[in-house]
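> Task: produce atomic coordinates for the following.
(2 chains)
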Amino acid sequence: MRIGLRLDWELARRGYRRYAAYPGATAAGLFTNVFFGLLTAYILLAVYDERVEVGGYDVKDALAYAWLAQALMTIVASFGPSWSELALRVRSGDISTDLRRPVDLQRSLASQDVGRAVYQAVFRAAPQFVFGALVFDVTIPADVGRWLLFAVSVCLALAVSFAVRFLVNLGAFWLLDYRGTMILALVVSHMLSGLIIPLTFFPGALAEIVRTLPFAAMLQAPIDLYVGEPLGGSAALVLGLQAAWAIVLVLAGRAVLRAGTRKLVIQGG
Amino acid sequence: MGEARSLLRIYVLLVGARARAQLEYRASAVLQLVGTTLIAMLDLAAILILFDNVPRLGDWSVAEVALLYGIASISFGFADLLVGHLDLFPEMIRDGTFDGILTRPLPSLFQVVASDFSLRRVGKALQGVAVLIVALTQLDIDWTLGRVLALPLAVVCGVVIYAGVWIALATIAFWIVDAIEFVNAFTYGGNFLSQYPLTIFGRWLRGLVIFVIPLGFVAYFPALYVLDRPDELGLPEALRYVSPLVAVAVALVAHLVWTNAVRHYRSAGG
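A predicted model of the protein is given here:
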């Protein structure tokens, strides 16, 4: 148990350092996030020229959304260099080396992803959100409880996002050209996670439905908790949904990895 | 002139070979084309959802915004097809491919541009064409010869402006190899911005994309002309006619920046 935790810690540190090694890339990424944040913020301001409230979000909530979505994107990495690494290893056969190591593949990748997320949170998400909050009049929750709920929700969002990325990458075991599924997963997760537009802006019942899906758990859920507009008015429901998706998808990832490994062994001899 | 023609011939040969190679894997090519089209359409979905909530955005109707979207998407799609692989340009510097390029008797920029061609990127332009057609059927435009010609001209200028900005900014890789994501702000971000009326963006941001990195001339000003709309920004009316001049200027600046950057380039080898 203690050896396992020690290993997780070491892997997380390496995941962190891997990103810390490229400060130029961090600065450039930060600039681009801020630019997109600005564009989104101005577009939403134009919406609120016509309306006072949309789907429970007032103008300050919407501006908080604009900056949080850009910030959380870097943390949950629905899109980024780490996105297709595992699929490439499956494709090249390097995965066989990974599987021979006396560590759990999913767990060691998850540890590295946590290290990556911590780096991105500190050096990309936080400075960018602070910029947004200084330039625009965004919602800043006054009570500590809401910040806590938000923090827990971000951790769960990372877990769900990791589990989804793991699953999608494993598709490479069965598909010769994995890029098709990757692109499809990208399209769906961008649209349904709330990255492109707040899910609360979706028409009527559709908004309620998409907010229960695992994609919403990756991005929209923490933002909803931050602005105090959780699905069904219940923070417990949102966190419960996120946790349930995390567990289901992590277990599904393990099952799929087992199935993929069996296939790999058959092909190997 | 003779040199330009031979370069064009080489470009067509190289690109044709690449396109044929990609078409060999028909299913994969189709799947990627569909994927790229879908990704491009995410921005359209966002616009439609916004207009589900409000009748007008910055006093522009959904059909008017769709016109901006169409012009911007087609231009960006073709620019991406021509120079989108500049996103991988830092790799060429890192692994020394660019040093090899410098030893060959063809212009370096030409070789970099001709080094790749991804057919799937046509998808971005195609969905833009579809949106533009739908927008035109919904809009009540007072068609004159000038307005008919303005649309294809706007696209050509748009391609040149996007590609020029892409090339000029990609030269940052000569100095900072890992900072290429910075360029995304003005390429992908520039495309995102051009899909909306410039009026909604903050004052300094508008100034930036009109006077410094002239992305505003891709869709906004040509659209003002086609729609015969007054400019709510109160800028001179002449601006809606000058996209071709802007495109020429951007091309010249991009060329200048590139040649200058190459002259100062020292490879990792020293």
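
> Which residue is it, in chain A, that comes closest to chain B?
Shortest chain A-to-chain B distance, computed as CB to the nearest CB: residue-wise this is residue A:183, at 3.1 Å. The way it works is simple: take the backbone N, C-alpha and C, and place the C-beta from them, glycine included.

> which regions of the stretch 1-150 of chain B sit below the pLDDT cut-off?
Applying pLDDT under 70 to the stretch 1-150 of chain B picks out residues B:1.

> Find the closest residue to chain A in it.
The nearest approach of the stretch 1-150 of chain B to chain A comes at residue B:35, 3.1 Å away (CB to the nearest CB).

> near chain B, anything from the host helix or strand of residue A:28?
Following DSSP states H and E, the helix or strand that holds residue A:28 is helix A:23-50. Yes: for helix A:23-50 and chain B, the contact criterion (CB under 8 Å from any CB of the partner chain) is met by A:24-25, A:27-29, A:31-32, A:35-36, A:38-39, A:42-43, A:45-47, A:49-50.

> how about the residues of chain A that lie near chain B?
Applying CB under 8 Å from any CB, we find that chain A lies next to chain B at A:22, A:24-25, A:27-29, A:31-32, A:35-36, A:38-39, A:42-43, A:45-47, A:49-51, A:54, A:177, A:179-180, A:183-184, A:186-187, A:190-191, A:196-197, A:201-203.

> Would you mind finding the longest helix in chain B?
Using DSSP state H, we find that the single longest helix of chain B is helix B:26-53.

> Which neighbouring elements make contact with it?
Contact here means 3 or more CB pairs under 8 Å, 6 or more residues apart in numbering or on different chains; DSSP states H and E; on that basis helix B:26-53 packs against helix A:23-50, helix A:179-193, helix B:62-83, helix B:122-138.

> In JSON lines, list those helices along with mean neighbour count and distance to residue B:15.
Below are those laid out as JSON lines (neighbours: other CB atoms under 10 Å in any protein chain shown; distance: least, CB to CB, whole Å):
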{"stretch": "helix A:23-50", "mean neighbour count": "20", "distance to residue B:15": "29"}
{"stretch": "helix A:179-193", "mean neighbour count": "20", "distance to residue B:15": "21"}
{"stretch": "helix B:62-83", "mean neighbour count": "25", "distance to residue B:15": "9"}
{"stretch": "helix B:122-138", "mean neighbour count": "19", "distance to residue B:15": "12"}
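
> between those, which gets nearest to residue B:192?
Proximity to residue B:192 (CB to CB) singles out helix A:23-50 among those, at 5.7 Å.

> Secondary structure element holding residue A:116?
Using DSSP H and E, residue A:116 sits within helix A:105-120.

> then that helix to CSV, C-alphas only?
What follows is helix A:105-120, C-alpha atoms only, in CSV (Å, rounded to 0.1, in the frame of the first residue of the first chain):
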residue,chain,number,x,y,z
LEU,A,105,-1.2,0.8,-16.4
GLN,A,106,-4.4,2.8,-15.7
ARG,A,107,-3.2,3.9,-12.2
SER,A,108,0.3,4.9,-13.3
LEU,A,109,-1.1,7.0,-16.2
ALA,A,110,-3.7,8.5,-13.8
SER,A,111,-0.8,9.5,-11.5
GLN,A,112,1.1,11.2,-14.3
ASP,A,113,-2.1,12.9,-15.4
VAL,A,114,-2.6,14.3,-11.9
GLY,A,115,0.9,15.8,-12.0
ARG,A,116,0.2,17.3,-15.4
ALA,A,117,-3.1,18.8,-14.1
VAL,A,118,-1.5,20.4,-11.1
TYR,A,119,1.1,22.1,-13.3
GLN,A,120,-1.6,23.3,-15.7
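
> Thank you kindly, that will do.
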